[in-house]
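Colleague: Predicted structure and sequence below. I'll ask about it afterward.
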Amino acid sequence: MDIEAHAEIIYKILKLKTKHNVSMLGHNYMEPLVFGLSNSKERGDSLGLSIEASKTDSDYIIFNGVPFMAETAKIMNPKKTVLVADKSAGCSLADNFGADEVKALKEKHPNVPVMIYINSYADAKAECDICCTSANAVEVAESMPGDEIIFVPDIYFAENLERELEGRKKVIYPGKNNSVKGAICEVHEKFTLDDILAIRKSFDIPKGHPNRMMYVHWECKLEVLEESDYYGSTGQIRLNIANRVKEGTIERAFIASECELTSNLAQEFPTVQFSTACSVRCSHMAKVSLFKILRILEAIDSGKDLSEWEVTLSPETISTAKRPIERMLSLSS
């Protein structure tokens, strides 16, 4: 990370951020130069950022992430102007599963509560009973009434959740005894069991080693998750590393997730030797850049039209999509 080469643009961004009372939410997958624009309260995983979006008293929210994340911020704080650096940035989970697919599963399984992963657009959330993130999926699932839940849209996450619940709930999900097409994360799909075993060998991270850790994100395949030493959300992985650093019980780690997460954690925890897979990047998250963020702030500063970046939702969509998110947040309060 070459801060000096970008010092001028970073200075301009931070100056305008302060001048216009901007909350700059940064997801853990942002590249370090972008991630560093957010203060500690403004950084995190989807759950943490959802909570922060609901609390902020800033005049503007710039969400350094992808549009479905910015939608969540708008839903939780509808009176705020919410902006995103690149509206064309998508998500293989959100883009490939919408409200129609939710309705199809509900028709096949009437009266079964529907739990939707936060990696989805507002129209799909509006059709569901409760939302979840990778940080609270088990807690949310166990809070639902009855013996069955519908989980959408992530197929791998659903399989992993089913394993974690150990029969306490029957998990119905896209493609499981039905023709509804689900979705997968194009980043986490890239990690295979052979990859994990090869990484363990090449980076000398044997399973069960007291000070060397293989971390895996919930969105990976079940067989990859089962080979991990620890699995969870990006925020949970970070917290586990932080605790181990305090205890002196971690010296080396690999994280099977978007590689910029590793880049950010390597800066935060310099005593840990992180092995990386830098080819595993989210092309959508990578669309967020310093230059694009500065353009937004300069438009705010000059009073120009913000429609190129502003995330807008109808009052009806905000109202209906807010309910499942608020139900989730009530469990985390």
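Modeller: Yep, it's here. Numbers count the residues shown, from 1 in each chain.
Colleague: Against which helices or strands is the worst-scoring helix or strand of the chain on mean pLDDT packed?
Modeller: Lowest by mean pLDDT, DSSP states H and E among the helices and strands of the chain is helix 46-55, with a mean of 87. In terms of contacts (3 or more C-beta pairs under 8 Å, 6 or more residues apart in numbering; DSSP states H and E), helix 46-55 is packed against strand 22-27, strand 60-64, helix 67-76, helix 315-332. From N, CA and C alone the C-beta is placed, and that goes for glycine too.
Colleague: could you redo the last one with a cut-off of 10 Å?
Modeller: Secondary-structure packing of helix 46-55 (3 or more C-beta pairs under 10 Å, 6 or more residues apart in numbering; DSSP states H and E): strand 22-27, strand 43-44, strand 60-64, helix 67-76, strand 130-132, helix 234-247, helix 315-332.
Colleague: That helix: which residues count as buried?
Modeller: Neighbour counts over helix 46-55 (16 or more other C-beta atoms under 10 Å) mark 46-54 as buried.
Colleague: Could you do stretch 293-311 as well?
Modeller: Quick answer for stretch 293-311 (16+ other C-beta under 10 Å): 293-294, 296-297, 299-300, 309-311.
Colleague: now stretch 32-47
Modeller: Within stretch 32-47, the residues that count as buried by 16+ other C-beta under 10 Å are 33-38, 42-47.
Colleague: Could you single out the nearest of the buried residues of helix 46-55 to A126?
Modeller: Comparing the buried residues of helix 46-55 against A126 with C-beta to C-beta places S50 closest, at 15.9 Å.
Colleague: how about the strands in the protein?
Modeller: Under the criterion DSSP state E, the chain contains strands at 22-27, 43-44, 60-64, 81-84, 114-117, 130-132, 148-152, 170-172, 212-217, 230-232, 252-256, 273-275.
Colleague: ok, S134 touching N119?
Modeller: Yes. Between S134 and N119 there is a contact at 8.7 Å, judged by C-beta atoms under 10 Å.
Colleague: Going along the chain, name the helices of the stretch 151-300 of the chain.
Modeller: Here the stretch 151-300 of the chain has its helices, by DSSP state H, counting those that start in this stretch, at 155-165, 193-202, 222-226, 234-247, 259-268, 290-302.
Colleague: could you redo these as a markdown table and give each row mean pLDDT and distance to S179?
Modeller: As requested, the helices of the stretch 151-300 of the chain are exported to a markdown table (pLDDT from 0 to 100; distance: least, C-beta to C-beta, whole Å):
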| stretch | mean pLDDT | distance to S179 |
| --- | --- | --- |
| helix 155-165 | 97 | 13 |
| helix 193-202 | 96 | 28 |
| helix 222-226 | 98 | 22 |
| helix 234-247 | 97 | 32 |
| helix 259-268 | 95 | 35 |
| helix 290-302 | 98 | 40 |
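Colleague: what's the closest of those to A7?
Modeller: Nearest of these (C-beta to C-beta): helix 290-302, 10.8 Å.
Colleague: which strands and helices sit next to that closest one?
Modeller: Checking 3+ C-beta pairs under 10 Å, 6+ apart, helix 290-302 ends up next to helix 7-19, strand 22-27, helix 32-35, strand 60-64, strand 81-84.
Colleague: Would you mind giving the ones you listed as CSV with mean pLDDT and distance to I155 added?
Modeller: Output for those, formatted as CSV (pLDDT from 0 to 100; distance: least, C-beta to C-beta, whole Å):
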stretch, mean pLDDT, distance to I155
helix 7-19, 97, 38
strand 22-27, 97, 22
helix 32-35, 96, 29
strand 60-64, 97, 26
strand 81-84, 98, 27
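Colleague: so which of those comes closest to N177?
Modeller: Per C-beta to C-beta, nearest to N177 of the helices and strands packed on helix 290-302: strand 22-27, 34.0 Å.
Colleague: how is the chain carved up into domains?
Modeller: 4-87+285-312, 93-172, 188-275 (automatic domain parsing).
Colleague: Take these and write them to TSV, including distance to V180.
Modeller: Formatted as TSV, these follow (distance: least, C-beta to C-beta, whole Å):
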stretch	distance to V180
domain 4-87+285-312	20
domain 93-172	5
domain 188-275	19
